[in-house]
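Undergrad: Need coordinates for the below:
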Amino acid sequence: MGFMSAPKPPPPDPELVKQREAEQKRLAEEKAESERRAADMERKKRANLLGTRSLQEEELEGFTGYRRKNLGKSVRS
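TA: The predicted structure follows:
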């Protein structure tokens, strides 16, 4: 009596192989899209294209985006 050889595993199911490949492709596309969005946000931050200050002119000074108090003036006048 000797040792019997181990049974061979069944061949992979072609449908499962297709599903795995599709999932890997989808994950790769999501990762690429995420990296593209992150790079775009970084570009916008560096170029000051985000927020209210990005809409202001370069020459505008002293404007902070908040209302200033009208000292001595009536709101209804």
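
Undergrad: residue ranges of the strands in the chain, please?
TA: Secondary structure of the chain (DSSP state E): no strands located.

Undergrad: ranges for the helices of it?
TA: All helices of the chain, identified by DSSP state H, fall at 14-46.

Undergrad: Could you list the low-confidence segments of it?
TA: 1-2, 51-77 (pLDDT under 70).

Undergrad: and stretch 7-19, C-alpha only, in PDB?
TA: What follows is stretch 7-19, C-alpha atoms only, in PDB (Å, rounded to 0.1, in the frame of the first residue of the first chain):
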ATOM      1  CA  PRO A   7      -7.400  14.500  -6.100                       C
ATOM      2  CA  LYS A   8      -7.000  17.300  -8.700                       C
ATOM      3  CA  PRO A   9      -9.100  20.400  -8.100                       C
ATOM      4  CA  PRO A  10     -11.900  21.000 -10.600                       C
ATOM      5  CA  PRO A  11     -11.100  23.500 -13.400                       C
ATOM      6  CA  PRO A  12     -12.100  27.100 -12.600                       C
ATOM      7  CA  ASP A  13     -15.600  28.000 -13.700                       C
ATOM      8  CA  PRO A  14     -15.400  30.300 -16.700                       C
ATOM      9  CA  GLU A  15     -18.300  32.400 -15.400                       C
ATOM     10  CA  LEU A  16     -16.500  33.100 -12.200                       C
ATOM     11  CA  VAL A  17     -13.300  34.000 -14.000                       C
ATOM     12  CA  LYS A  18     -15.300  36.500 -16.100                       C
ATOM     13  CA  GLN A  19     -16.900  38.000 -13.000                       C
END
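
Undergrad: can you pull the contacts of residue 12?
TA: Residues counted as contacts of residue 12 (C-beta atoms under 8 Å, 6 or more residues apart in numbering): none. In this view, the C-beta of every residue, glycine as well, is placed from N, C-alpha and C.
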